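Trainee: Fold the following and give me the result.
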Amino acid sequence: MGEPEPCPCENKTPPTSPGPVEDQEPLVRFVEDKGHIGKDGSGQLYLLPAAIRKDDIQGKKGRSFSLAREAHADRYDLERRAAARADEEWKRNPVFARTRAERLRAIKDGAKRREVCVFSDPTPPTGDFGAFPAHASAVRSDPPKDDKLRQHWLQLRTDVGACFDDIRHADGSPATVQTQP
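Mentor: Next comes the predicted model:
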């Protein structure tokens, strides 16, 4: 069995998009609070499942797991957008979690089916921040019919979070995490 074909949505390029999301492209997720970051035994940071809402990754009601295409976004605009979502403590120096599109696309379920599609999804010129051509979305690809089990969704959210292993403040300093008692 070879590599899976791209999801159909990955081939579509909206008019305001800088183009399709390439595998090697760096993607950024804005981290809203300390409770969304975990640290493994070696000190490596990653996003906890709490940072990946089921409704977002499921694509429910027009939602998606929002990402920014770092190479196509202005740094000031990224920081401004991230600060608007961040905990009060991080407003002056928001936290970004980074990965590459290929890592998300490489997530497979137990039957070796591709789990996540990543595609260009520019936002329109509405709201406080205006248009965001560098917006991308990640959603679960065509899920199996038996995927209603809570454990399947928790595993997917865990796998997505593990892809984000470069987590730091906008100024490059290490992100702080909740310490476990």
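
Trainee: count of neighbours near the residue nearest to residue 44 when sequence neighbours are not counted?
Mentor: Spatially, and ignoring its direct neighbours in sequence, residue 44 is nearest to residue 165 (5.9 Å; C-beta to C-beta, 6 or more residues apart in numbering). For glycine as for every other residue, the C-beta is placed from the backbone atoms N, C-alpha and C. Residue 165 has 15 neighbours, counted by other C-beta atoms under 10 Å.

Trainee: State the distance from residue 165 to residue 29.
Mentor: For residue 165, the distance to residue 29 equals 12 Å [C-beta to C-beta, to the nearest Å].

Trainee: got any residues that touch both of the two?
Mentor: Counting by C-beta atoms under 8 Å, 6 or more residues apart in numbering, the residues touching both residue 165 and residue 29 are residue 99.

Trainee: For the spatially closest residue to residue 61 that is not a sequence neighbour, give me the pLDDT.
Mentor: Beyond its immediate neighbours in the sequence, the residue positioned closest to residue 61 (C-beta to C-beta, 6+ apart) is residue 55, lying 7.0 Å away. Note on residue 55: pLDDT of 89.

Trainee: Residue 55 and residue 170, how far apart?
Mentor: 27 Å.

Trainee: same thing with residue 83?
Mentor: Residue 83 sits 8 Å away from residue 170 when distances are taken as C-beta to C-beta.

Trainee: How about residues contacting the helix or strand harbouring the residue nearest to residue 61?
Mentor: Element membership for residue 55, per DSSP states H and E: helix 54-58. Contact partners of helix 54-58, identified using C-beta under 8 Å, 6+ apart, comprise 60-61, 63-66, 116, 138-140, 153, 156-157, 160.

Trainee: Buried ones in that helix, by neighbour count?
Mentor: Going by neighbour count (16 or more other C-beta atoms under 10 Å), the buried part of helix 54-58 is 54, 56-58.

Trainee: cool, stretch 169-176 as well?
Mentor: 169-170, 175.

Trainee: least confident pick among those?
Mentor: Ranked by pLDDT, the buried residues of stretch 169-176 bottom out at residue 175 (89).

Trainee: Spit out the contact partners of that residue.
Mentor: Counting by C-beta under 8 Å, 6+ apart, residue 175 touches 31, 37, 45, 95, 167-169.

Trainee: quick one: low-confidence ranges for the protein?
Mentor: Residues of the chain meeting the criterion pLDDT under 70: 1-6, 127, 142-149, 178-181.

Trainee: what about the strands in it?
Mentor: 26-31, 37-39, 45-47, 65-69, 95-100, 116-120, 135-140, 166-169 (DSSP state E).

Trainee: can you list the ones you listed in JSON lines and add distance to residue 76?
Mentor: Formatted as JSON lines, those follow (distance: least, C-beta to C-beta, whole Å):
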{"stretch": "strand 26-31", "distance to residue 76": "14"}
{"stretch": "strand 37-39", "distance to residue 76": "24"}
{"stretch": "strand 45-47", "distance to residue 76": "24"}
{"stretch": "strand 65-69", "distance to residue 76": "13"}
{"stretch": "strand 95-100", "distance to residue 76": "13"}
{"stretch": "strand 116-120", "distance to residue 76": "21"}
{"stretch": "strand 135-140", "distance to residue 76": "16"}
{"stretch": "strand 166-169", "distance to residue 76": "15"}
